[in-house]
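1. A predicted structure for the sequence below; I have some questions about it.
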Amino acid sequence: MMYNYLIVGAGLFGSVFAYEAAKSGKTCLVIDKRNHVGGNIYTEEMAGIQVHKYGAHIFHTSNKKVWDYVNQFAEFNRYTNSPVAYYKGEIYNMPFNMNTFNKMWGVATPGEAKAKIEEQIKESGIVNPQNLEEQAISLVGKDIYEKLVKGYTQKQWGKLCTELPSFIIKRLPVRFTYDNNYFNDLYQGIPIGGYTQIIEKMLSGSDVRLNTDYFANRKELESLAEKTIFTGMIDEFYGQCYGALEYRSLHFETQLLDEENHQGNAVVNYTEYDIPYTRIIEHKHFEYGNQKKTVITKEYPKQWEVGSDPYYPINDDKNGKLYEKYKEKADKEKNIIFGGRLAEYRYYDMHHVIEQALHCVEKVVQ
């Protein structure tokens, strides 16, 4: 059988494309090298709890079109992302807000909090930030930087903050209200029953092959379709002919615990450098679970190596210039379309991925 589209990657981008293409009467073959669909938003049940296998995923958007779109595949609950930060036995609310400032300094009003931050910024004497540390202190002062930014950031990127470029932190969210909602978006929630069901519904009109390595069977697979939608690493597609793009990777350790409630919140960030993981996720709290057991996942950042999963592109000048060379090559392709986080070498939230996929469908599917 000859397909209209070969879709490489059964993640969110490829699944949205497949769903829309099938609605237009097109045929799609979707392949993925993993043994499951869903990409990094894959969830699986453990002890009656939906476990986010590749890190916490909270859907949020201000785009009503995207919100309505995703709600056709699942019912979403009212979950609001309100992570907390753990530092040497102290708990702080995130993002930085009046609850954070009250805990840190004992201030009670926005005016007092602003004055404290401005005082520390002035004391730093930083006028032209040369690195991430100086940039962060010039935005939020020394106390917040030392307790809540420094260690977490150094773990996340595997470098000292003084070695990281200042543009990584262009801004830090600071709110002078007693509001612990991490996102400002109009719509937010978690699909009741997990994300995998959404992807399965999107792919119901397509043929799917799992445990299939595109690069090991490239010629044969491409011969099965008129066009290819590629959602993997763009540099890998071109055999890293200009050199390898850089990423940060993650390692997850998941445990089933014989207790009802381990940490009292879905996400707790560990901002001390000496604690090797950046956060602990307690999955049952995403759906307000009351199971007798609980599942936690510790998330460890690590250096990306060939064969490990890439999670975060390193969008510095060097990698940006390298990506542009690959993009220039990709733009000349007639039967290959690149889309998604890895193919576009940029960090997308889920709602951005859906927007991009729908835009791609409009442009490509005739």
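-> Now that the structure is in, tell me what you want to look at.
2. which outside residues touch the helix or strand bottoming out on mean pLDDT in the chain?
-> None of the helices or strands of the chain scores lower by mean pLDDT, DSSP states H and E than strand 312-313, at a mean of 92. Outside strand 312-313, the residues within contact range by CB atoms under 8 Å, 6 or more residues apart in numbering are 245, 246, 247, 248, 319, 323, 341, 342, 345, 346, 347. Every C-beta, even on glycine, is put in place using the N, C-alpha and C of the backbone.
3. so in that sheet, which strands flank that strand, and in what orientation?
-> Strand pairing for strand 312-313, determined by DSSP bridges: strand 247-257 (antiparallel).
4. output the contacting helices and strands for the helix or strand following the partner strand.
-> Remark: after strand 247-257, the chain's next helix or strand is strand 267-270, criterion DSSP states H and E. When contacts are defined as 3 or more CB pairs under 8 Å, 6 or more residues apart in numbering; DSSP states H and E, strand 267-270 packs onto strand 84-87, strand 279-282.
5. report the separation between residue 288 and residue 50.
-> Counting by CB to CB, to the nearest Å, the separation of residue 288 from residue 50 is 12 Å.
6. what's the answer for residue 303, then?
-> 30 Å.
7. same check, this time on residue 101
-> According to CB to CB, residue 101 and residue 50 sit 34 Å apart.
8. and these two? Which one has more around it.
-> Under the criterion of other CB atoms under 10 Å, the comparison of residue 101 against residue 50 puts residue 101 first, with 27 against 23.
9. list the buried residues for the helix or strand harbouring that one?
-> Residue 101 belongs to helix 98-105 when assigned by DSSP H and E. Buried residues in helix 98-105, defined by neighbour count with 16 or more other CB atoms under 10 Å: 98, 99, 100, 101, 102, 104, 105.
10. which of the residues you listed sit farthest apart?
-> Maximum pairwise distance in the buried residues of helix 98-105, criterion CB to CB, is 11.8 Å, between 99 and 105.
11. identify the contacts common to the two.
-> By CB under 8 Å, 6+ apart, no residue touches both residue 99 and residue 105.
12. all strands for the stretch 1-150 of the chain, in order.
-> All strands of the stretch 1-150 of the chain, identified by DSSP state E, counting those that start in this stretch, fall at 3-8, 28-31, 43-46, 49-52, 59-61, 84-87, 90-93.
13. parallel or antiparallel, list what pairs with the longest one.
-> It stands for strand 3-8. Strand 3-8 has these strand partners (DSSP bridges): strand 28-31 (parallel), strand 225-230 (parallel).
14. cool, the fifth one as well?
-> Sheet neighbours of strand 59-61, with direction, are listed as strand 187-189 (antiparallel) (DSSP bridges).
15. which helices and strands does the helix or strand following the strand it pairs with pack with?
-> Downstream of strand 187-189, the next assigned helix or strand under DSSP H and E is helix 196-202. Packing contacts for helix 196-202, counted by 3+ CB pairs under 8 Å, 6+ apart, involve helix 12-23.
16. what sits against residue 265?
-> The contact partners of residue 265, by CB under 8 Å, 6+ apart, come to 82, 83, 84, 282, 285.
17. just the buried subset of those, please.
-> Buried by 16+ other CB under 10 Å: 82, 83, 84, 282, 285, out of those.
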